[in-house]
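Visitor: Fold the following, please.
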Amino acid sequence: MKDFSKRVKDIEVSLIRYMPVLASKVPDTVSLGQGLPSFELPEEIKEKLIEALRTIKDINKYSLEPGLPILKEEVAKYLEKTKNVKINPEKEICITKGAIGGLFCTISSLIEKGDEVILLTPAYEPHIEQVKFAEGKPIFVPLIEKLGWRPNFDAIDSSITKKTKAIIICDPSNPTGGVFEKEDLKKIADLANKFDLFIITDETYDFLTYDEKEHFSLLSFPEVRDRLIACFSFSKKYAMTGFRVGYVVSPENIMNQILKVHDESTICAPTISQYAALFALTSPQNFVQKFKEEFQKRRDLICQRLDQLKDLFEYQKSKGAYYIFPKLKLPIKSKDFSLKLLYKAKVITIPGIAFGPSGEGHIRLSFAGKEKDINEAFNRIEEFWINLKKTFKL
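Guide: Residues are numbered from 1 along each chain as shown. Below you'll find the predicted structure:
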């Protein structure tokens, strides 16, 4: 048999997906792994979707490739209201199969063999692998953990070469829960203009910050609008991860290239999912606030439980998204530790090494699940730690 393509062999199997697959063969596990909100689809969206299935005759067919025009118009209204930016819905928005679909089309459109892409690490695992799939070279620049995962601008500046083509930002961050300060985003914008770089943002969790922390989007910075591609999702905000729908925003000249990849890889986002997204955007947003309040409680709970394990973990408090990225106080690799937790404590976590070299020595914990599951997971971790300390003679 002839060999597989080098670009496929060069990418890694996702540990975010791999750990739950392993866990499927372990009975009675509790998950702090994948970022799956525990909430059901809000009733308002359900009812409108049921009615749409009865009344919209083309809901079972392809939409236009860039997406339903009415949905794109509502997205543009949302962006103007929340980001204070005017977007042309016809020429600057494409509805995609989740933010990850928009990121794939963007990276495939911009990056080619030998291009270097700066990733602020710990970085979301698919960002790394999508760059590699495009035959680009990820350049890992660690965030400053002790400062709450803030960028190290000296390190970014020194990492830029003639081959550097783009910088990717996940804000709020998966996996760390960090949220970029406005002044840091301004510095990134200045660097991009200085060195003629594209900026690709993953803003899946733009709605979810804590302690009155404000999220700023680079879309609000007019000086980089000509080089910015911003990717968003409906998945987490509206508890519709399985619908696979998001959108990408870019200038028309970039969008024309993104649409080529989108057409060949997707044709269009699922039409029924686009209608679900439309109903989500145009419904009263009370349920979003309820989700946020519940995630705040869960964030506080997971921090309380981590505080009871100070001899095992140290951490930066999550400011956004529904992840926290504690550092291990043990001489053990993150994958080995996550596997021990899975098989000994029956708790699913994601090894930090999945998120780039600076993720090693950490694990990612999701608090998207119910409070009872978070408590049960930590009860098991505490018992596991008592036994593990004997192994390490601590």
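Visitor: where do the strands sit along the stretch 151-300 of the chain?
Guide: In the stretch 151-300 of the chain, the strands defined using DSSP state E, counting those that start in this stretch lie at 164-170, 198-202, 228-233, 246-249.
Visitor: can you put those strands in a markdown table and add distance to T96, mean pLDDT and mean neighbour count?
Guide: To be clear about C-beta, it is placed using only N, CA and C from the backbone, and glycine gets the same treatment. Listed next are the strands of the stretch 151-300 of the chain as a markdown table, based on distance: least, C-beta to C-beta, whole Å; pLDDT from 0 to 100; neighbours: other C-beta atoms under 10 Å:
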| stretch | distance to T96 | mean pLDDT | mean neighbour count |
| --- | --- | --- | --- |
| strand 164-170 | 16 | 98 | 23 |
| strand 198-202 | 12 | 98 | 25 |
| strand 228-233 | 8 | 98 | 25 |
| strand 246-249 | 5 | 98 | 28 |
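Visitor: Compute the first-to-last residue distance for stretch 337-354.
Guide: Stretch 337-354 has an end-to-end distance of 13 Å (criterion: C-alpha to C-alpha, to the nearest Å).
Visitor: for stretch 33-48, same thing?
Guide: With C-alpha to C-alpha as the measure, the first residue of stretch 33-48 is 32 Å from its last.
Visitor: Please state the offset of stretch 239-246 from the chain centre?
Guide: Mean C-alpha position of stretch 239-246 versus that of the full chain (C-alpha atoms, centre = their mean, to the nearest Å) differs by 13 Å.
Visitor: again, but for stretch 288-306
Guide: Averaging C-alpha positions (C-alpha atoms, centre = their mean) puts stretch 288-306 18 Å from its chain's average.
Visitor: tell me the mean pLDDT over it?
Guide: Stretch 288-306 shows a mean pLDDT of 97.
Visitor: can you list the strands of the stretch 151-300 of the chain in TSV and add distance to V288?
Guide: As requested, these are exported to TSV (distance: least, C-beta to C-beta, whole Å):
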stretch	distance to V288
strand 164-170	20
strand 198-202	19
strand 228-233	13
strand 246-249	16
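Visitor: Determine which of the ones you listed approaches D311 most closely.
Guide: For the strands of the stretch 151-300 of the chain, the distance to D311 is smallest for strand 164-170, at 30.5 Å, taking C-beta to C-beta.
Visitor: The closest one to strand 228-233, inter-axis angle?
Guide: 30 degrees (axes from the mean of the first three to the mean of the last three C-alpha atoms, to 10 degrees).
Visitor: What are the contacting residues of strand 164-170?
Guide: Contacting residues not belonging to strand 164-170 are listed as 110-111, 115-120, 123-124, 127, 131, 136, 139, 156, 180, 188, 191-192, 195, 197-202, 204, 218 [C-beta atoms under 8 Å, 6 or more residues apart in numbering].
Visitor: Next, check those against the helices and list the overlap.
Guide: Secondary structure defined by DSSP state H assigns 110, 127, 131, 156, 188, 191-192, 195 of the contacts of strand 164-170 to helices.
Visitor: so which of those residues is the most crowded?
Guide: Across the ones in helices among the contacts of strand 164-170, the neighbour count under other C-beta atoms under 10 Å reaches its highest value at V131, namely 27 neighbours.
Visitor: Most widely separated two among the ones in helices among the contacts of strand 164-170?
Guide: H127 and F195 (19.5 Å).
Visitor: Find the nearest non-adjacent residue to T106, please.
Guide: Nearest residue to T106, sequence neighbours excluded (C-beta to C-beta, 6 or more residues apart in numbering): I229, at 4.8 Å.
Visitor: Same question for T121.
Guide: Here the nearest residue to T121 in space, its sequence neighbours aside, is G356; by C-beta to C-beta, 6+ apart that works out to 3.5 Å.
Visitor: same question, R380
Guide: Leaving aside its sequence neighbours, R380 is closest to A345 (4.3 Å, by C-beta to C-beta, 6+ apart).
Visitor: Would you agree the one you found is in contact with N387?
Guide: No - look at A345 against N387 with C-beta atoms under 8 Å: they stay out of range, at 9.1 Å.
Visitor: out of these two, which sits in the busier spot?
Guide: Of the pair A345 and N387, A345 is the one with more neighbours under other C-beta under 10 Å, namely 22 against 10.
Visitor: what's near enough to touch that one?
Guide: Applying C-beta under 8 Å, 6+ apart to A345 gives the contacts 380-381, 383-384.
Visitor: now K213
Guide: By C-beta under 8 Å, 6+ apart, K213 lies in contact with 179, 319-320.
Visitor: Next one: it from K297, what distance?
Guide: 16 Å (C-beta to C-beta, to the nearest Å).
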